[in-house]
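Peer 1: Got a sequence here, can you build the structure:
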Amino acid sequence: MSTPEVVLVTGMSGAGRSTAARALEDQGWFVIDNLLPALIPETVQQLGAVDVPRVAVVVDVRGGAFFDETQAALTTLRESGADVRVLFLEASDGALVRRFESNRRPHPLQAGERLVDGLRRERAALADLRGDADLVIDTSGLNVHDLRRKVEAAFGDPGVFRLRATVLSFGFKYGIPVDADVVLDARFLPNPHWVDELRERTGLEQEVSGYVLAHGEARDFVDRAAGLLDLMSEGYLKEGKRYVTIAIGCTGGKHRSVAIAEALAAQLSQHGVETLVVHRDLGRE
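Peer 2: Here you go, the predicted structure:
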């Protein structure tokens, strides 16, 4: 009998748990949704007895009072020697309100009050689990395909034990990404916004990326960022952290951060780091 690798999928209602669960299932994980937390350790043990190698369990506040037993279940699993990771899906109140309104569904903790009251109660109930999470994904600006790619990058083939990185461009004026492990500021670089022929273009276009990367400071910035991750990667892997989100910010998330993120991702890939690129704020201006 072997002990399965376990991922506990949790987070805010409407933040994408179902999408994450389907992505894990497509990667070969045995997925269980809304199991009573007290039954998780025994269920994992039984699945290990029939050689199921990877188990994903989706838990959320729909379990009511039973949800409070989740932390105890995690402790029991870890004490049994199981490799347990917690994936927490987050989103802003604004994004969640829009999703609930489009689906015309009440929040499970709304209790006849406003939707935002239900979200507030849920955040309080999930606070400890969020603090215990190995990976937090903010889905506010992600579509279902972006989320699937992030889950696949983090929980893909376990036979390849290497660091996986998400390189995320963003605009500081829209806020720092809540799921970033490392935040780097590209605002010291010359801004293409002030070049008339580049203002309406983006960092994905050669004219803009060439302008940004033509400056020696930009190339040095990319090299040092890659070196920083190289320095951190061995320690991350020793601590069981297999994925990292590196956020590159500029003012609006359109020019410099996009160009730098693309260049950094290309360099990391050359160094053998499996890399996903996400441009959070591209198109907002």
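
Peer 1: what ranges do the strands span in the stretch 51-200 of the chain?
Peer 2: Per DSSP state E, counting those that start in this stretch, the stretch 51-200 of the chain carries strands over the ranges 54-58, 83-90, 135-138, 164-171, 182-185.

Peer 1: Tell me where the longest helix sits in the chain.
Peer 2: helix 216-238 (DSSP state H).

Peer 1: Which residues belonging to that one are considered buried?
Peer 2: By neighbour count on 16 or more other CB atoms under 10 Å, the buried set for helix 216-238 is A218, F221, V222, A225, A226, L229, M232, S233, Y236. Just so you know, the C-beta spots here come from the backbone N, C-alpha and C atoms, and that holds for glycine as well.

Peer 1: Stretch 52-66 too?
Peer 2: Quick answer for stretch 52-66 (16+ other CB under 10 Å): R54, V55, A56, V57, V58, V59, D60, V61, G63.

Peer 1: Name the surrounding residues that touch it.
Peer 2: Applying CB atoms under 8 Å, 6 or more residues apart in numbering, the external contacts of stretch 52-66 come out as 2, 4-11, 13, 17, 21, 24-25, 28-38, 40, 43-44, 47, 67, 70, 108-109, 122, 125-126, 155, 158.

Peer 1: Please repeat the previous calculation with a cut-off of 7 Å.
Peer 2: 2, 4-10, 13, 17, 21, 24, 28-38, 40, 44, 47, 67, 70, 108-109, 122, 125 (CB atoms under 7 Å, 6 or more residues apart in numbering).

Peer 1: Drop anything exposed from those.
Peer 2: 4-10, 13, 17, 21, 24, 29-32, 35, 37, 40, 44, 47, 67, 70, 109, 122.

Peer 1: Surely T43 is in contact with F30?
Peer 2: No: contact criterion CB atoms under 7 Å: T43 and F30 do not qualify, at 9.9 Å.

Peer 1: number of nearby residues for D185?
Peer 2: For D185, the count of nearby residues is 15 (other CB atoms under 10 Å).

Peer 1: can you give me the helices in the chain?
Peer 2: 17-26, 40-49, 70-79, 93-103, 115-132, 144-155, 206-213, 216-238, 256-270.

Peer 1: Could you give me the buried positions within the second one?
Peer 2: By neighbour count, with 16+ other CB under 10 Å as the criterion, the buried positions of helix 40-49 are I40, P41, T43, V44, Q45, L47, G48.

Peer 1: Can I get those residues in TSV including distance to D146?
Peer 2: Compiled in TSV, these are given as follows (distance: CB to CB, whole Å):
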residue	distance to D146
I40	29
P41	33
T43	31
V44	30
Q45	35
L47	30
G48	33
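
Peer 1: Could you dump those residues into CSV with distance to E79 and pLDDT added?
Peer 2: Listed next are the buried residues of helix 40-49 as CSV, based on distance: CB to CB, whole Å; pLDDT from 0 to 100:
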residue, distance to E79, pLDDT
I40, 13, 92
P41, 9, 92
T43, 16, 92
V44, 12, 91
Q45, 12, 90
L47, 18, 90
G48, 15, 87
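
Peer 1: quick one: which two of the residues you listed are the most distant?
Peer 2: For those, the maximum inter-member distance is 12.5 Å, found between I40 and G48 (CB to CB).

Peer 1: Please list all residues in contact with S140.
Peer 2: A91, S92, A95 are the contacts of S140 under CB under 7 Å, 6+ apart.

Peer 1: between the buried residues of helix 40-49, which is nearest L168?
Peer 2: Of all these, I40 has the smallest distance to L168: 31.5 Å, by CB to CB.

Peer 1: Give me the nearest residue to that closest one, chain neighbours excluded.
Peer 2: Counting by CB to CB, 6 or more residues apart in numbering, I40 lies nearest to A73, which is 4.4 Å off, once chain neighbours are set aside.

Peer 1: which residues does the one you found contact?
Peer 2: P37, A38, I40, P41.

Peer 1: got it, and L8?
Peer 2: With CB under 7 Å, 6+ apart, L8 has these contacts: V57, V59, L74, V84, V86, L87.

Peer 1: Bridge partners for the last one, pull those for me.
Peer 2: L87 has these beta-bridge partners by DSSP bridges: V9, L135.

Peer 1: burial measure for K173, as a count.
Peer 2: 13.

Peer 1: Report the contact partners of it.
Peer 2: Counting by CB under 7 Å, 6+ apart, K173 touches T251, G252.

Peer 1: measure it to G28 for me?
Peer 2: 41 Å (CB to CB, to the nearest Å).
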